[in-house]
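A.B. asks: here is my input; please provide its structure:
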Amino acid sequence: MKTVRNLTQAYSQAPWRKQVQVIGLIMLCVLFAVLVASIYLNVSARAATYGREILMMQDQIREMQLVNADLHTRLGVLLSSAEMEKRALEMGFVPIEKGEAVYVMAAGYQPRRSVILAPPPKPVESVVVTLPPRFTQSLVDWLQERLMLTPVQAAEVSP
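C.D. replies: From the prediction side, this is the model:
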């Protein structure tokens, strides 16, 4: 019995070693928790930064769309018939009457050809499909024909 007690005492650890192991295990858990928290905070911060950048870019896109729409409106006003007539009169152009127009024939001018998107329609031709007789024969007819043949005839018909 004494030897058993001596063996257990020899292999048992000192109390300060057990405390160091427990403290080490707790520190390892805390370090793991800090590592996970830092990764989470890093990812969250980057996601928030990218989200804010996306919002700012969307605001820029909306602003550019408004500027583009304003420019289209200004172009429409400048190209309106009333504005074009006003500018033409300011430049010295005058409206003409019906018979005052002069047309000049230009040599070599060829008017635009119309675009042909599809070939002209052709008359519909009916197609007659004919099948060889061996494809129109039913299985029952073929079996009856084979059974009615004599062995000599069947050998001649078979390939």
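A.B. asks: quick check: mean pLDDT of the lengthiest helix in the chain?
C.D. replies: Longest helix in the chain by number of residues (criterion: DSSP state H): helix 15-78. For helix 15-78, the mean pLDDT works out to 95.
A.B. asks: chain center to that helix: distance?
C.D. replies: Taking the mean of its C-alpha atoms, helix 15-78 sits 27 Å from the chain's own mean (C-alpha atoms, centre = their mean, to the nearest Å).
A.B. asks: helix or strand right after it?
C.D. replies: helix 81-90 (DSSP states H and E).
A.B. asks: touching that following helix from outside, list them.
C.D. replies: Val77 (C-beta atoms under 8 Å, 6 or more residues apart in numbering). For glycine as for every other residue, the C-beta is placed from the backbone atoms N, C-alpha and C.
A.B. asks: tilt between it and helix 15-78?
C.D. replies: Relative orientation of helix 81-90 and helix 15-78, computed by axes from the mean of the first three to the mean of the last three C-alpha atoms, to 10 degrees: 60 degrees.
A.B. asks: just the CA trace of helix 81-90, in PDB.
C.D. replies: The C-alpha coordinates for helix 81-90 follow below in PDB (Å, rounded to 0.1, in the frame of the first residue of the first chain):
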ATOM      1  CA  SER A  81     -38.200  75.200 -83.700                       C
ATOM      2  CA  ALA A  82     -39.000  78.500 -82.000                       C
ATOM      3  CA  GLU A  83     -35.400  79.000 -80.800                       C
ATOM      4  CA  MET A  84     -33.900  77.800 -84.200                       C
ATOM      5  CA  GLU A  85     -36.200  80.300 -86.100                       C
ATOM      6  CA  LYS A  86     -35.200  83.100 -83.700                       C
ATOM      7  CA  ARG A  87     -31.500  82.400 -84.300                       C
ATOM      8  CA  ALA A  88     -31.900  82.100 -88.000                       C
ATOM      9  CA  LEU A  89     -33.700  85.500 -88.200                       C
ATOM     10  CA  GLU A  90     -30.900  87.000 -86.100                       C
END
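A.B. asks: quick check: buried residues in that helix?
C.D. replies: Buried residues in helix 81-90, counted by 16 or more other C-beta atoms under 10 Å: none are found.
A.B. asks: and that helix, average pLDDT?
C.D. replies: Helix 81-90 shows a mean pLDDT of 94.
A.B. asks: and it, how far from the chain's centre?
C.D. replies: 47 Å.
A.B. asks: cool, and stretch 82-95?
C.D. replies: On C-alpha atoms, centre = their mean, the centre of stretch 82-95 falls 50 Å from the chain's centre.
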